[in-house]
Structures are given as C-alpha cells and as structure tokens.
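**Student:** For reference, the sequence and a predicted model appear below.
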Amino acid sequence: MTLLVGITMFTSMALPAGAIFLIDPIMPLIILNPIYVDNASGVDTNAGTTKALPVKTIGKAISIAKAGTAANYQIYVAEGDYRSETFPLSLSSKGISIYGGYYNNFGSRDIANHQTEIMGGANNSIEIVNINSTISGIKIYDQSGGSLSVITVKTNDGIVSTNYSVSISEVEIVDCSTLGGGIAVTAENGDNIKIFNNFIHDMSAFGGGILIEGEPTTGEIHHNFLYNNVGFYNIVADKAVIYNNIITKGSGIGINLRKNAKAYNNTVVNNNTGIYVASGVTGAEFKNNVIASNTDKAVNLVGAATYDYNVYYNNGTVSNTMATHDSSCNPLLANVNSLNENDYALGSTSLCIDIGTEIATVVNDYFGELRPKDGNNDALYITDPGAIEADGDVAILPEIKNSIASPNIFSPDGDGVNDTTTLSYDLNVTSDVLVEIYDGITLVKEVFSGVKASGTHTIGWDGKNTANTTVAEKTYTFKIYAENSKGNATQTGNIAVDFAASTQENCAGFPDVSYSDPICPAIQYVKDEGIFSGYPDGTFRPNDIINRAETTKVVLLGFNVALLPDDGTNLGFNDVIINAWYMTYLRTGKLAGIIQGYLDGTFKPSQQVNKVEMLKIFLETSDVNLTGVVSSSNPYPDTANDAWYSIYVQFSKDHALVDAASNGNFYPAEGMQRGDVAQLFYRFDQAGL
C-alpha cells in the first residue's frame, strides 16, 4: 500500500498541534450514483442527484440510496453541523459510502477547513451492516449514549460467498460516551477491513478506541492517533495488522492482541498498560514498538506471543522476559502528554535509533516518510522502533559524482609549492567511504576511511605512501568507494606526481592559463587526450567563445569519430574556405549527420556556439541515453522545461557538466567558452558517462 503525505488534519476543538493527514483523503476513483447533501442550501424534497439541488440531511440521502435501483451509492456531504439528523445513520441493503469535507458548491474538498460535523445524540451515530462502505472526512462529537460504538460495523452475515470491504479514514471522534467506544467492527473470513488515519480522543466510554472482532481476510489498523481516552482499551483486534499508531494518555490498555493480531511500530506511551496479550492467544506478534511511561505494565503477557525489537522504558513493570533484541533505551520523547504528534518522535540522540527490524508491511512511518532512514548518520539504514522514523537520509544506493584531484599534477617535494593535492567528490547519501591511492593494482595509501554524510567532501594527499615516504614521479589512480546497506559505488580518476610542477607556472604548456587555475585539470585532460591543441601562438584562450568549426573538431576528436579526408570541395557550403584546416572535420561531421548548414547554403564556421547548442551536439554525438531524462520543473529559473533544449540542460544539471551562474541562472543563449568546453569533456569523463 502506498501512503502519500497529504492534508492537514481537523483543526477545531482539541486538535493535535502537529496533526496531519498522512494519506491523501480517500476519493472515489469513479463517481458512482452520487447523492449530494448540504444542510445550508439543501432541501429534502430535492432529488439530491446534482450539485445544484442537494438534499438537506444525510438521513434523506441514505433513504434515497436505499430506494434506488443501483448497487452502490456515494453520498457527498458539504461542510456544516448535521446535529439534526436522526441516529443511527443506518447503512444497509446495498453499497453506501459517505464522503465529508466538501465546499458548499461541491467544487472541491478540504477536510481540514470545511468540516462535516455530526453531533451524535443518544444513539450510535453510524451503523454499517453487511455492505461495502467507505466513511471518510467527518467529525463526530458529543454522542452521549447508546450501547454500541460511535461507528458500528457488522459484516458477519455468515454467508461464505458474500464478502465485504469497509474503510474508515480521516474521521475524528471526540467527547463521546457511548458504551462501545469509537469504532467497532465485527467481521469474518473474506472481509476486508481498513481503519486508518483517524483521530480518536477524549472518549469516556468503556470500549475506548478501535475494535476488530472476528477474523477478516484483511484487517488493518494504522496511522491513527488515540489520545486521552477513558476506556478498557484503545485498540483491540482478533486478527489485524496494527502499525504506525500513536496511543497515549489512555486509562486502560494501549493495544490488546487477541488470536492472530500483530502490532508493529506503534508508539504506546503514558497509558495504564502498553500491550496486553489475552488468555489463550497463541498467534499474536509484536515488534518494533516503543512502550514507555505506562503506569502499570509495559506488557501483560497472559497468552503467548512472538515478540522482539521492542523498547521498554520507564514503565511500571516489565512482566515479560526481554527478547534478544528488546531494549530498555531511553527514546527521549519530547512530551508523552502532547497533542503534537511530533513530540512522539525519537530524540535525535536517542540510542533507540536504528535498533528495530524491517517489517514488510511497514514501508513508511506515521508521517508517510519512507523507512528505513539513517537517523544517527552512521551509514546503517535500519528501521527505528515506534511510529515515527528518526530524520535522516533515506536508504538509497550510493552515488559518487564529480570526483576530481586539484591540482591533478603536483610536486610533493616540500618546497611549499604544489606540495599537496585535494581530492573532492559529491556523495548523494550517508555512506561508509574509503579513499585510496593506487599504483596500478598496488595500494599506495589509504587517505580516508569513515562515514560521510550526503554532500561535497574533500580530502588531501601529501604524496606519501603507507610507509610515509614520498612516492616516485608517475601517474597514480585515486579510488573513492562508498557503501551502505543498499549497495556500493566507486569512482576513480588519475593524479600525477611531477617534481617539475613546483616550478611550473602555466598549465599544460599554455602560457595564458595558470597552473593554479581551477580549470587546469580539465585543460590538461583535453590536451592529453588530443581534443584541444591550442592556437599557433601557443595559447589556449579559455575565455574565448568557441565557434562552429572548432566545436565540430573537438566533438569529433573527443568521441573518437573516424575522420574522413578533405575532398577539396566546399561540401555545399558557400561560405567556407576550400582546403581550410576545418574542412576534414566538416566533411566527417556532415556525412555522419552530426552537423548541418543553414537554409541559405552557409555553414557559418566562425559563428559562436551558445551553451545549449554545445550541449545538444555534444550529448547527441556521445550517444548517451537521454530517454529517461525528466524535467518536471524548470531546470533553472531562466530555462523553461518546455524549451527544445531542456532535456540537454537537465542532463547537464543532473551530472554537473556545465555550471550555472552565481545567481542560479543558466543563460542558455550565452556563448560557450573554450575553458567551459574543456570542463565539459573532463567532467563527462570523470562521471563515467
């Protein structure tokens, strides 16, 4: 089941300060036979089948549904106080669902700010009997009587071939004293019961919170907040998976496990008893729960259950034997009496972080955040106990980008000039990192080993080997390795020791580029690879804008395209010089489909090339796979995601090939400097593309 972070929860009455709807409000995928209700503008003599002519009461909508010929009806209820209803609202005979929280015109739905409120009266408020039904987005308060629950569900008709699905979500139940408690379900094999994302609080009923009695095929109770309820239990089930609930300040039992019920990753604090396993039970299980500050017992194990990886802290007693991975660590909860769910998160320095175990059912936490995270930044991605996963990196495969050595030619001779080099790299997620220097396959030096968080990192090397002696002049390989519980990644690059570099003032023999210039490694690379050779006067001219002829040359050389000889013609371009230095590159590029001229018959060899033109010819010649590149938003403020070049700019951004300006703009029409082209080739190679 996929949970989506969604909408702020109810905000009236005694609302948790941090409460949110963890799952988007349940919306019908297909509107089937709608009936609209608005107690402000509706009239019960209306048909109720259009938004313009709603009925006034929910009861009238139910009677219309029952009298209809369709098998299923959906009742949409506008905001307002529906205290004049006749209770219980009885849903039976056919599929009837109720969705509250709509604006009065039914144009949209906002459960938090446009509440559908029901003042329950002396009977239970809603009764569902042997039908498929969804109840979503309503608030029920001040129900003062009745022997059943506020919402009572009975799908135990005893007919094996008839199965029912019932979902109750985004419901707030408050200040009710009905004997049966908040939500009670009696189901049987074949039924599917889901109770999630509800807020039940300040109840003074014997039954307390949520009950699933019987053994449905699917029973789920999750992402609920139960607070300050006076009753025998908060959650009890014969067969259900109970997870990611916060249960606090109850006078009775937090979770009562009967028969085959399972409880995972719940935070059960400040109740009388945390978890109770009933007499005769043999199939119950509870793991990854935080059970703390309960006044009587952490666990009352009357029956038998499988349990482990739970936290027991500051309870009256712990009557059960601690399992192998159970812990008495302090969860460091901010406030166990709080209406703010954030206060039930593990404290940032708690030793309870990362001591749980992975449960297949529990893929996220109370707030919809994916589990597991690295909450203590130790590169171990282990599920936390309790309803809320500690903040940290989500467990994803490590990725290393932009690893470079600067300078990549250095002279560790102790003269104070270029004696060290600095390795830098980008890491996407907290990982164990190992940085090593190799001479071929022989390890020269381990320069770093430890945990690094996501971000850009640097580490220096002084040219010494493991024996702490200076290495010989030659080219070495640096290797950066990152590993976490999801896998590993490696990136390598070259670094040269040259003792002449201490007196070297220019880069790669070009007098107009300083050896200390950050772009020097890229210029050294493109010269070594034979991509750029410089001008006849020996200069590189890194700040000059590259032109179309030069671009054709360096792209062909950079990607090892076999060159064709100049055929002595103008190739059909009326503005080129026959037998010019660039003609062999133009002929190769034209026949390979890499370049083309203009409609007027020109090629414009000296015309400048802008950034996006360069990226297009570069990436298409490289033959990288661009099909998976997605630009859901503008790559940069001045680069629209619907522009013809957005896919190239997005790829460049994803792999840090071309830098944006300091103000965050990309300036796509700006000419591409020769130094930036050198950087483009160098970064492309370093990224392993």
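**Tutor:** All right, it came through fine.
**Student:** For residue 666, which non-adjacent residue is spatially closest?
**Tutor:** Leaving out its chain neighbours, the residue that sits closest to residue 666 by Cβ to Cβ, 6 or more residues apart in numbering is residue 636, at 3.9 Å. All C-beta atoms are positioned from the backbone trio N, CA, C, and that covers glycine.
**Student:** could you list every residue that touches the one you found?
**Tutor:** Listed by Cβ atoms under 8 Å, 6 or more residues apart in numbering, the contact partners of residue 636 are 649, 653, 660, 664, 665, 666.
**Student:** Most neighbours among those, which one?
**Tutor:** residue 649 (27 neighbours; other Cβ atoms under 10 Å).
**Student:** thinking it is in contact with residue 640, fair?
**Tutor:** No: counting by Cβ atoms under 8 Å, residue 649 does not reach residue 640; the two are 9.8 Å apart.
**Student:** For residue 474, see how far away the residue sitting furthest away from the middle of the chain is.
**Tutor:** Using Cα atoms, centre = their mean, the residue of the chain lying farthest from its centre is residue 568. It sits 59.3 Å away. According to Cβ to Cβ, to the nearest Å, residue 568 and residue 474 sit 45 Å apart.
**Student:** Against which helices or strands is the lowest-mean-pLDDT helix or strand in the chain packed?
**Tutor:** Each helix and strand of the chain was given a mean pLDDT (mean pLDDT, DSSP states H and E); the minimum falls on strand 393-394 at a mean of 74. Applying 3 or more Cβ pairs under 8 Å, 6 or more residues apart in numbering; DSSP states H and E, one finds that strand 393-394 makes contact with strand 373-374.
**Student:** Describe which strands the strand it packs on pairs with in its sheet and in which direction.
**Tutor:** Note on strand 373-374: by DSSP bridges, its sheet partners are strand 393-394 (antiparallel).
**Student:** Can you give the contact residues for the strand it pairs with?
**Tutor:** Counting by Cβ under 8 Å, 6+ apart, 369, 370, 372, 373, 374, 377, 381, 429, 430, 453, 454 sit against strand 393-394.
**Student:** which residues in the stretch 301-450 of the chain form strands?
**Tutor:** Applying DSSP state E, counting those that start in this stretch to the stretch 301-450 of the chain gives strands spanning 305-308, 311-313, 373-374, 393-394, 400-406, 409-410, 421-427, 431-439, 442-452.
**Student:** got the buried residues for stretch 348-355?
**Tutor:** 350, 351, 352, 353, 354, 355 (16 or more other Cβ atoms under 10 Å).
**Student:** Not counting sequence-adjacent ones, nearest residue to the third one?
**Tutor:** Which is residue 352. Distances taken as Cβ to Cβ, 6+ apart put residue 329 closest to residue 352, at 4.4 Å, once the chain neighbours are dropped.
**Student:** ok, now which ones touch the one you found?
**Tutor:** 311, 313, 350, 351, 352, 355.
**Student:** I'd like the distance between it and residue 132.
**Tutor:** 44 Å.
**Student:** What of residue 249?
**Tutor:** 35 Å.
**Student:** next one: residue 257
**Tutor:** Taking Cβ to Cβ, one finds residue 257 at 28 Å from residue 132.
**Student:** what about those two, which has more around it?
**Tutor:** Higher neighbour count among residue 257 and residue 132: residue 257, with 30 against 20, using other Cβ under 10 Å.
**Student:** For that one, give its distance to residue 689.
**Tutor:** Here the criterion is Cβ to Cβ. By it, residue 257 lies 54 Å from residue 689.
**Student:** same question, residue 236
**Tutor:** Distance of residue 236 to residue 689, given as Cβ to Cβ: 57 Å.
**Student:** And for residue 228?
**Tutor:** 58 Å.
**Student:** cool, and residue 174?
**Tutor:** Counting by Cβ to Cβ, the separation of residue 174 from residue 689 is 58 Å.
**Student:** ok, those two, which is more surrounded?
**Tutor:** Comparing residue 174 with residue 689 by neighbour count (other Cβ under 10 Å), the higher total belongs to residue 174, at 24 against 13.
**Student:** beta partners of that one?
**Tutor:** residue 141, residue 201.
**Student:** was I right about it contacting residue 150?
**Tutor:** No: using Cβ under 8 Å, residue 174 is not in contact with residue 150; the gap is 9.6 Å.
**Student:** Now do the shared contacts for these two.
**Tutor:** Shared contacts of residue 174 and residue 150 (Cβ under 8 Å, 6+ apart): residue 140.
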